[in-house]
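>>> compute the structure for the input listed below.
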Amino acid sequence: MASVSSLGVGTSLDLDTLYTNLETAEKTKLTAITDQETTYNSKLSSYSKLQSSMAALETATAALTKTTAFSATSVTSTNTAFTATTDATASTGDYSVNVTQIAKAQTLISGSISSNSIALGATTSGNSRTLTIAQGGSSTPLTLTLTDSQTSLTGIADAINKSAGNISASIIKASSGDYRLMLSSKTTGTDSDMTISVTGDDTLQSAIGYDASATGTQNMSVQTASQNAKLSVNGVAIERSSNTISDALTGVTLNLKAASTDSSGETLTVSRSIDDTKKTINAFVTAYNSLKSTIASVTKYTAVTAGTSQSSSNGALLGDATVRAVESKMNSMLTTVQSGSYSILAQMGITIDPSTQSDGSTGALTVDDTKLTAALTNNPQAVSQFFIGDGSTTGFATQFDSTLTAMLSTSTGKEGIIKNAQDGINATLKELGTRYDTMSDQIDATMARYKTQFTNLSTLVNSLTNTSTYLTSQFSSSDS
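As a prediction, the model looks like this:
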């Protein structure tokens, strides 16, 4: 019997359409599963957003647990011979700084050379010689191998500069036929004085060799003599090779610019800086409000008319117990009373705004800058105590940070509330994936069974039709 290429072919039965309709109906069983997967994936994405906002808040909170957040200093004096910067370890007070001289780098210059391109060295059998520039403060001298073609002023300068060492080289053209090689130390101080020697080429050595301690080898001259920086701080004499001095006063870096014009020096004033502390506190407030905004977004509810479907714009975590627990804990932490002169945030000008913000969040923090500035100015130790406490179990920031860290923990056996929620969703998604595969296999088996039944039906109908046609033909012949 001929094979059937299409269901119902040769019959009046529209089995193809019936098969397609049955397949569509079967696949609706998969749609229910994929809809659930979409919902749970949206929840997982929203949890990631929540986790990110909480992590940002934890970072901002951790900054408030450090004593350096409340001990920042700044220079409030205006000085001409030097500038200064401070860190949290600097002690406040006035210091007398008198700069006698600033550090300078040594510069050497060669004698007059008629051309910057003429070879200054002798032709060597090995086509090379070694140029060595040693500096007193460096245990490793700059060593360069020069070819015959590199003994011109241009060749020497290029080789030195390309080495990226502690020496810079340049060529000065005084006039036509008068060129000079100038070598400068990149570091200041007498420890960086240069000694220049050439081995394997006495001719070049006689042109640029230099050793201040050896007679007859001073073929270059000192254009700028090196010198160390000299100053006094509160009458104590200090000498350094650099104009940047960070080890004279704890936490203070001095940058010397010129010798003091007044023999008595200048006053450096180091004061307590509240600006950095305010920035750290405001960063916490911003991060907290951002978390509130994220919570409002993932739990958003859009009202609809009774009897109609819920809005598709609702947050994926609307009504979620984990989010409610996080928000409840955060709200509770804000009102925890601390011991000390300041016991609650409001005393420092940080209050909770009960109104609904434009993003739908409520309970955002606001900062009264005037009140916060007054607290940091009048009693900085009390503010520090409020936030840090004992650094272990007490203190607003210490407790807040510990709570967030626990909630965000991913450590095995110590999983936080967010990790547990994510693990639960991932387990559900895995189960839905298994259900989908099982259901898909069942649908494939069902449709294969339908196809077999429809094929058999089509074959039977074709056979009956052929028999009917044959009998009709036979009866017609007998009648004639």
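
>>> domain ranges for the protein?
Using automatic domain parsing, the domain ranges for the chain come out as 1-72+274-302+311-462, 73-103+228-272, 107-224.

>>> with distance to L471 added, can I get the ones you listed in JSON lines?
Placement of C-beta: from N, CA and C, glycine included. As requested, the domains of the chain are exported to JSON lines (distance: least, C-beta to C-beta, whole Å):
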{"stretch": "domain 1-72+274-302+311-462", "distance to L471": "15"}
{"stretch": "domain 73-103+228-272", "distance to L471": "109"}
{"stretch": "domain 107-224", "distance to L471": "105"}
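
>>> and those as TSV, adding mean pLDDT?
Converted to TSV, those look like this (pLDDT from 0 to 100):
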stretch	mean pLDDT
domain 1-72+274-302+311-462	89
domain 73-103+228-272	95
domain 107-224	94
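
>>> now do the strands in the stretch 301-450 of the chain.
For the stretch 301-450 of the chain, applying DSSP state E, counting those that start in this stretch gives strands covering 350-356, 362-367.

>>> I'd like to know which of these is closest to S115.
Among those, the nearest to S115 by C-beta to C-beta is strand 362-367 (70.8 Å).

>>> mind putting the domains of the chain in CSV, mean neighbour count and distance to Y470 included?
Below are these laid out as CSV (neighbours: other C-beta atoms under 10 Å; distance: least, C-beta to C-beta, whole Å):
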stretch, mean neighbour count, distance to Y470
domain 1-72+274-302+311-462, 16, 13
domain 73-103+228-272, 16, 107
domain 107-224, 17, 102
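
>>> just the helices in the stretch 101-250 of the chain please.
153-162, 202-208 (DSSP state H, counting those that start in this stretch).

>>> for the first one, packing partners?
When contacts are defined as 3 or more C-beta pairs under 8 Å, 6 or more residues apart in numbering; DSSP states H and E, helix 153-162 packs onto strand 129-135, strand 142-146, strand 167-175, strand 178-185.

>>> so what's S71 up against?
A88, T89, R272, S384 (C-beta atoms under 8 Å, 6 or more residues apart in numbering).

>>> could you do T107 as well?
M182, L183, S184, S185, V222, Q223, T224.

>>> about what we covered before: need the contacts of S71 in TSV (columns: secondary structure).
TSV is the format used below for these (DSSP: H, G, I helix; E, B strand; the rest coil):
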residue	secondary structure
A88	coil
T89	coil
R272	strand
S384	helix
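
>>> could you identify the most distant pair in the residues you listed?
Maximum distance among these (C-beta to C-beta): 15.3 Å, for T89 and S384.

>>> now the nearest residue to S246 once chain neighbours are set aside, what's its secondary structure?
Spatially, and ignoring its direct neighbours in sequence, S246 is nearest to T253 (4.3 Å; C-beta to C-beta, 6 or more residues apart in numbering). Recorded secondary structure, T253: strand (three-state DSSP).

>>> can you tell me how far T253 is from S313?
Distance of T253 to S313, computed by C-beta to C-beta, to the nearest Å: 55 Å.

>>> what's the answer for M54, then?
24 Å.

>>> again, but for Y470
68 Å.

>>> can you check Q101 too?
Q101 is 72 Å from S313, by C-beta to C-beta.

>>> likewise for G389?
Taking C-beta to C-beta, one finds G389 at 43 Å from S313.

>>> cool, L183 as well?
72 Å.

>>> got it, and T145?
74 Å.

>>> ditto for N161
64 Å.

>>> what's A325 in contact with, if anything?
I417.

>>> now the residue lying closest to L318 once chain neighbours are set aside. Its backbone dihedrals?
The shortest distance from L318 to any residue other than its chain neighbours is 5.2 Å, reached at T299 (C-beta to C-beta, 6+ apart). Phi and psi for T299, reported as degrees, to the nearest 10, are phi -120, psi 20.

>>> over to the one 4 residues further on?
The main-chain torsion angles of A303 are listed as degrees, to the nearest 10 and equal phi -70, psi 140.

>>> tally up the residues packed near it, please.
7 (other C-beta atoms under 10 Å).

>>> against N426, how distant is N282?
37 Å.

>>> err, L15, not the other one
43 Å.

>>> one more: R435?
Distance from R435 to N426, by C-beta to C-beta: 15 Å.

>>> before we move on, what about V298?
18 Å.

>>> try L50
16 Å.

>>> please name every helix or strand in contact with the biggest helix by length in the chain.
In the chain, with assignment by DSSP state H, the single longest helix is helix 417-479. When contacts are defined as 3+ C-beta pairs under 8 Å, 6+ apart, helix 417-479 sits against helix 15-63, helix 321-334, helix 396-408.

>>> parallel or antiparallel, list what pairs with the very next helix or strand once past the first one.
Put plainly, it is helix 15-63. Going down the chain from helix 15-63, the next helix or strand is strand 73-75, by DSSP states H and E. Strand 73-75 has the following sheet partners, assigned by DSSP bridges: strand 266-272 (antiparallel).

>>> so how far is the partner strand off the chain centroid?
34 Å (C-alpha atoms, centre = their mean, to the nearest Å).
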